[in-house]
Structure formats: structure tokens, C-alpha cells
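>>> I would like the atomic coordinates for the input below:
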Amino acid sequence: MSELNNGRNSHLPRGYSPKDSLARKEWVKNFTGVEIDDTLKDDVEDLQGIIEHHVGTMNVPMAVVGPLAINGTYANGDFIVPLCTLEGSLAASMNRGIYAATVSGGTTVRHFRQELSRAPVFIFNNIIECAEFQQWVTKNQTKIMEVAESTTKHGKVLRIDQYTIQNYVVLDLVMDTNNAAGQNMVTLAAQVACEYIQAETNQNYFLESNFNSDKKASTRNMLLGRGHAVSAETTIKNSVMRRILKMDPDILFDSWSFFPTISSLAGTHGNGLHVSNALTAIYLATGQDTACAAENSIAHLGLEKVEDGITFKLTLPSLTVGTVGGGTRLKMQNRNLAMLGCAEGEHASRKLAEIIAAATLSLEISLICAIGSHTWTDAHMKYGRK
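Residues are numbered from 1 along each chain as shown. Below is the predicted model of the structure:
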């Protein structure tokens with residue numbers, strides 16, 4: 001069972017028996033005030049807009065990890081993070097990284113951008129027509145943005161970026177989607193904007209050019225992002241590295257350079273280890289579009305040696321997440337958002353993005369230390385098998 005730490009019940013109960021699961025539920029309720037109820041069922045009528053041809057519901061195992069101590073712009077305090085996964089060792093590994101970060105002082109996170117776009121393409125006979133069209137768009141951009149923004153009460157059009165290649169002009173309509181993930185929001189806004197442009201210029205278009213890289217990793221999303229952009233960092237003390245992560249900090253830092261170098265050799269976008277693991281697990285638990293893990297898993301991971309430890313840094317430039325709409329209205333997923341304190345509030349989606357970044361960094365730290373200490377295989381043999 002759990003043990004007291006500084007007068008607070010902050011150690012996650014372990015074990016695989018029904019009694020252990022009940023103990024964890026009680027622990028979460030005591031810590032967050034929110035009760036995990038896995039008997040919640042969604043009425044079939046409420047699934048409209050979420051799934052077609054419904055035949056039933058498949059259970060996916062859910063775990064919790066934490067407490068995760070965060071110092072952020074929108075997320076501050078200790079958080080219990082829900083995960084849904086079929087990979088044994090993932091929850092234990094993330095929890096190990098969280099514990100190491102928390103006992104070292106916690107994780108600092110900063111949300112620095114929220115932009116989602118849809119990028120239609122207009123096709124012309126020659127480059128002269130392209131140039132004339134671009135001039136017209138620039139002259140009428142304010143009106144185009146007003147037309148696009150008329151489709152939503154919550155989103156805001158930030159700008160329209162233009163990209164020309166050969167006889168194609170791509171209009172990247174960029175929006176702040178508030179608490180929604182926003183894919184449908186930007187699609188409708190772009191559609192109405194294009195209809196206005198077509199009526200005024202008699203130019204034809206295709207609504208999707210593939211430039212906005214929806215559900216695809218790309219250089220565009222690595223630089224400009226798709227959704228929220230967050231950076232996270234934590235300094236793990238040398239003593240914690242050795243005691244909890246079983247890693248000699250000097251060996252890790254001195255050897256780390258091979259990872260980004262060989263990542264570049266392979267041509268990966270960024271140099272994260274397995275960011276998609278953390279994202280998919282949290283996305284399933286909180287009602288996100290899990291396919292967005294494809295574009296969201298690009299990451300920049302860095303290490304810096306400091307006086308008494310190593311600072312781990314992670315930037316996630318593209319997190320397509322929201323706290324309203326889609327799967328977030330499912331009962332279990334909405335309860336999990338409430339457990340995170342993200343079910344409501346002016347900047348709930350930004351808060352969720354900061355929590356995701358901190359949890360993802362914890363998982364990255366745990367894996368890199370498992371690889372460095374040659375305990376990676378042992379962990380999967382222990383937790384990944386029955």
C-alpha cells in the first residue's frame with residue numbers, strides 16, 4: 001500500500017490485484033477530489049459526431065501516474081495523469097521519470113504558441129496570374145479574415161500566409177482555436193473564405209493542399225506548429241539520477257551526443273525518443289484525436305550539465321489538443337479532464353498542453369536513462385510480460 005511522504009499520501013499504490021486497483025482509485029479520489037468511475041457508459045445517441053456504424057465499446061486499460069509537479073503558465077501544482085495503453089512498462093516508466101523530476105524540484109513548462117491552419121491551393125495558368133492573385137489577396141486580406149471568422153464564435157483568424165510554387169498559390173489560413181483542437185473549425189473557416197475569394201476573383205481552388213500537414217510529421221509543423229507549442233525542462237539531481245534512474249549522470253551526458261547525430265543520419269523530424277507513446281496514451285484517456293500523434297510526435301530533446309545534475313529540455317512544437325468537442329465529451333474522458341483540472345476554464349486547452357509536455361518529458365527521461373544504464377530490456381521483460 002501507499003506510504004506517507006511529508007505528511008501527504010503521495011506514493012502511488014502498486015500491484016495487479018483488484019484490491020490494488022481499488023486502492024489506486026481511492027488514492028486518486030483523496031488526491032484530486034475526482035472519483036474514477038469505470039462503469040460510466042455513453043448513450044448511443046450521444047455518439048453522433050464521434051463515430052458512425054456504432055456496434056459497441058471496446059475497453060482499453062487505464063492507469064494513472066503521478067503526482068507530477070508542474071510550474072507552468074497555465075498548469076501549476078501537482079497533477080495525476082491518466083493513461084490508456086496496451087504497452088506494459090509505459091506507465092511504470094513515465095511514473096519513474098515523474099518521481100525523479102518531482103523529488104528534484106518539479107518541471108517548468110511554458111506554452112508559447114497556439115495556431116492551427118487549413119491550407120487551400122489555387123491553381124493558375126501561369127506565374128503572371130499567380131502574382132496578380134497574390135496582390136489581390138494581400139489587398140483584401142482583412143475582408144477575407146472577417147469572412148472566415150464569421151463561421152465561429154470562439155476561434156480567431158490570426159493571419160493568412162501565402163506560399164507560391166510554380167503556378168500554385170497556397171493560402172495558409174492560421175487560427176487560434178481557443179479550447180477546441182479545432183480541425184473542423186479551421187476547415188469551415190477556410191471553406192467559407194475560399195468561397196468568398198472564388199466569387200470575387202472567379203478562381204477555382206482545392207480546400208486541402210497538404211501544406212498544413214494534417215496528421216503528418218513535417219518540417220512545416222516542426223517550425224510553425226499545428227496546435228499548441230510548449231517547452232518543458234527539469235533538472236534531475238545527480239543523487240536522484242543514480243538512486244532512482246540508475247544512471248551515472250557523467251556517462252549519460254558524455255555519451256548523449258550520439259543520439260541527435262544518428263537521428264539526423266536517419267532523417268527523423270527532431271530527436272525525441274518515443275514521444276508518440278506518451279501522446280497516444282494521454283490522448284486516448286482525454287478524448288483527443290489519436291491520429292494527431294503522427295504530427296505531434298516531432299520533438300526537440302536536449303541535455304545540459306549543471307553543477308549538481310543534468311537539465312533535460314523538451315520542446316513540442318505541435319500539440320493538436322483541445323478540451324471541448326470531439327471525444328472530450330465522452331463521460332470517462334471528460335472525467336479524466338476534470339481530474340487534470342482541464343474540463344473547463346478560459347485556457348483549459350493550454351493547461352492540458354503544458355501537462356502533456358511535462359509528462360512526455362518524464363517518459364523521455366526514464367527511457368534515455370534505461371537505455372544508458374542497459375536496464376531497458378530488463379524493464380520490458382519485467383513489466384511487458386505476464
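>>> Report pLDDT for residue 88.
The score at residue 88 is 88. That number is its pLDDT.
>>> what sits against residue 122?
Shown in contact with residue 122 (Cβ atoms under 8 Å, 6 or more residues apart in numbering): 133, 168, 169, 171, 197, 203, 204, 205. C-beta here means a position set from N, CA and C on the backbone, and glycine is covered the same way.
>>> residues touching the second one, list them.
It refers to residue 168. Counted by Cβ under 8 Å, 6+ apart, residue 168 has contacts 121, 122, 123, 124, 130, 209.
>>> helix/strand/coil for the residue nearest to the first one when sequence neighbours are not counted?
Yep, that's residue 121 we're talking about. Nearest-residue entry for residue 121: residue 209, 3.6 Å, with adjacent residues in sequence omitted and distances by Cβ to Cβ, 6 or more residues apart in numbering. Here residue 209 is recorded as coil under DSSP: H, G, I helix; E, B strand; the rest coil.
>>> could you point out where this structure is predicted with low confidence?
Applying pLDDT under 70 to the chain flags residues 1-10, 376-377, 379-380, 384-385.
>>> Quick one: the helices in it, in order.
18-32, 90-103, 127-139, 141-149, 183-201, 219-224, 238-243, 249-255, 258-266, 275-286, 293-296, 331-339, 348-372, 376-383 (DSSP state H).
>>> These into CSV, with extra columns for mean neighbour count and distance to residue 43?
As requested, the helices of the chain are exported to CSV (neighbours: other Cβ atoms under 10 Å; distance: least, Cβ to Cβ, whole Å):
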stretch, mean neighbour count, distance to residue 43
helix 18-32, 15, 24
helix 90-103, 24, 30
helix 127-139, 14, 46
helix 141-149, 17, 34
helix 183-201, 19, 22
helix 219-224, 17, 36
helix 238-243, 17, 47
helix 249-255, 15, 51
helix 258-266, 11, 46
helix 275-286, 25, 20
helix 293-296, 24, 28
helix 331-339, 22, 9
helix 348-372, 26, 24
helix 376-383, 14, 36
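>>> how close does the closest residue in space to residue 230 that isn't next to it in sequence get to residue 210?
Excluding its sequence neighbours, the residue lying closest to residue 230 (Cβ to Cβ, 6+ apart) is residue 357, at 4.0 Å. For residue 357, the distance to residue 210 equals 27 Å [Cβ to Cβ, to the nearest Å].
>>> What of residue 20?
48 Å.
>>> And for residue 251?
Distance from residue 251 to residue 210, by Cβ to Cβ: 44 Å.
>>> Show me this structure divided up by domain.
Domain assignment for the chain by automatic domain parsing gives 59-113+229-339+348-360, 120-211.
>>> could these go into CSV alongside distance to residue 53?
Converted to CSV, these look like this (distance: least, Cβ to Cβ, whole Å):
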stretch, distance to residue 53
domain 59-113+229-339+348-360, 17
domain 120-211, 20
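>>> Of all those, which one is nearest residue 51?
domain 59-113+229-339+348-360 (9.3 Å; Cβ to Cβ).
>>> can you tell which of the helices of the chain is closest to residue 46?
Checking these against residue 46 by Cβ to Cβ gives helix 331-339 as the closest, at 8.6 Å.
>>> residues in contact with the closest one?
28, 32, 34, 36-38, 40-42, 62, 80, 82, 285-287, 323, 327-328, 343, 348, 352.
>>> Cool, thanks, signing off.
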